[in-house]
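Peer 1: Curious how this folds, go ahead:
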Amino acid sequence: MKEKLDIEETKAYFGPLYDYIADDSITDVDVSGIPSEVWITSVKNERTRADGCEISQSFLEQFSKRVANTVSLPFNKAQPVLEAETDRLRITIVHESAAINGRAICIRKSLPYVRLNEEDMIMSGYAKQEVINLLKNCVKARMNLVFCGEPAAGKTECAKFFSSFIPANERVITIEDTPEWHYSSINPDKDCVELKVGEQMDYTRAIKTCLRLNPKWMMLSETRSKEVIYLVEGFSTGVRGMTTLHTDDVRKVPDRMVNMAGQSRDEGRMENDIYSFINVAVMIRRREVTDENNERVVRRYIDQVCFFDRRDGKNRTTMMVDDGNLINEILPEDARIKMDRAGIDDPFSYDEPRPIKLSVYKEPAKAG
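Peer 2: Got it, this is the predicted structure:
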C-alpha cells in the first residue's frame, strides 16, 4: 500500500538524489546494487547512468528510515517493500533481503503539467497534424478513448494532452490510486472532482461513486482488472471518458478487456458492450532513432488509431492510423454520426469551439 508523504522536496530529505528530483526534465530516478548505481530517465525516454553521483549505504539506510518514519510503516526483512507518495512522486524501496544485489529505490515523478504540446509533437514526429486533429475532434464529439501501449510508453501523458480539450463546463471525475492526471492543477478553471483509490475505496466503488457525482467525463488512470466491467457500464449510461491499459496493438483492446472481466461476465455480452461503448483506441509506442548528432535515442510516437463500433449485430474495428501514418479517411458510420452531431464537417481539421460564458449564481433579491 502506498502512503501519502507529507514532506517538502528538499535537499535535506533527498540528499545526493535531490538534483534529479528537482530537475523537471527527469522522470525516473532508480538506485540499485552494491556499490549503488543511479540511473535516470529523461522526458525523452533516454535512460543513462548518473556518473559522479555517490550513494553510500549509510544514505540508503537513512533515506529508507526517513520515508518509513514519515508514513509510520515498518521496513525490514518481514516487511521488505515500502511504498509512499507525494503529490508528484511515487517512491518504492525494496529491502536487501528481497533484492539479491542490494537495496533498491525507484522514484517516479508525475508532474502537474502536460509535457506534450502540439508544435513539438509535430516537429518531433510524435504525431502528424491530421492525426492530432482527428483525436481532438474525437474529444469534441464526446467519444470514449482508450490510450494503450507498453509500460512507460507515455500513455497517461498522451491522455492528459487530449483531455485538456474537454470544455470547462463539462464535469470531469478522475479516478486514480497514484496522482498522475493532475487534472485540477493543469486545468484550474474547469469543473473537476479527483477521487483517490485506496483501502477505503477500490476502483469498482470509485467508479460507482463517480456516477453519482453528475459526471460528463470519467477518467480512469489505468484499467487493470474487473473494474473494466463497471467502466464499460458507466460509459453505457452516456458518461464519456478516457482510460489507459497495457497492450501492444489497438486491435487487441477488446480481447484485453474481456480477459480483465474474467468469468464474472458473459464473454459474448462483454465483447459486444466494448464494441458498442469504447469508441477509439490510441497506441503510443517507443522506438529507437538516430538523432542529429548520429546518436541512438528513444522517441515516443502515436503509432495506431482505430475506431470500434457495433452495427447490424457485428463488431467492427476500423483502422485509421498505422505506423504513425493516416491510412484511411473514411470514418465508420457511428463515428461519422457523432462528428456530425458535434458540428464537425472535416474530422482531420480542428476548429476551436466557441468559448462558453460561465455565469455565477446569485441569490435573488429579497422583497421589501
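Peer 1: any chance you could map the helices in this structure?
Peer 2: Remark: helices assigned in the chain by DSSP state H are 11-14, 18-22, 57-71, 118-124, 129-140, 155-163, 183-186, 203-210, 227-236, 253-261, 267-277, 333-341.
Peer 1: remind me, longest strand of this protein?
Peer 2: Taking DSSP state E as the criterion, the chain has its longest strand at strand 296-311.
Peer 1: I'd assumed Ile107 was in contact with Thr27.
Peer 2: No - Thr27 is beyond contact range of Ile107, at 9.8 Å (criterion: Cβ atoms under 8 Å). Every residue, glycine included, has its C-beta placed from N, CA and C.
Peer 1: I'd like to know how far Ile327 sits from Arg286.
Peer 2: Ile327 is 21 Å from Arg286, where distance means Cβ to Cβ, to the nearest Å.
Peer 1: neighbour count winner among the two?
Peer 2: Neighbour comparison, Ile327 and Arg286: the larger count goes to Arg286, with 15 against 11 (by other Cβ atoms under 10 Å).
Peer 1: wait, what's in contact with that one?
Peer 2: Asn45, Glu150, Ala152, Ala153, Gly154, Val298, Arg299, Arg300 (Cβ atoms under 8 Å, 6 or more residues apart in numbering).
Peer 1: Specify the beta-bridge partners of it.
Peer 2: Arg300 (DSSP bridges).
Peer 1: If we ignore the residues flanking it in sequence, what's nearest His182?
Peer 2: Spatially, and ignoring its direct neighbours in sequence, His182 is nearest to Pro112 (3.9 Å; Cβ to Cβ, 6 or more residues apart in numbering).
Peer 1: Pretty sure Val94 sits against Ala104.
Peer 2: Yes - using Cβ under 8 Å, Val94 is in contact with Ala104, at 4.5 Å.
Peer 1: hang on, the earlier thing: distance to Thr317 and mean pLDDT added to the helices of the chain, as a markdown table?
Peer 2: Shown next, in a markdown table, are those (distance: least, Cβ to Cβ, whole Å; pLDDT from 0 to 100):
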| stretch | distance to Thr317 | mean pLDDT |
| --- | --- | --- |
| helix 11-14 | 47 | 87 |
| helix 18-22 | 42 | 91 |
| helix 57-71 | 45 | 91 |
| helix 118-124 | 25 | 93 |
| helix 129-140 | 15 | 98 |
| helix 155-163 | 19 | 94 |
| helix 183-186 | 29 | 91 |
| helix 203-210 | 25 | 90 |
| helix 227-236 | 17 | 93 |
| helix 253-261 | 8 | 94 |
| helix 267-277 | 8 | 94 |
| helix 333-341 | 12 | 96 |
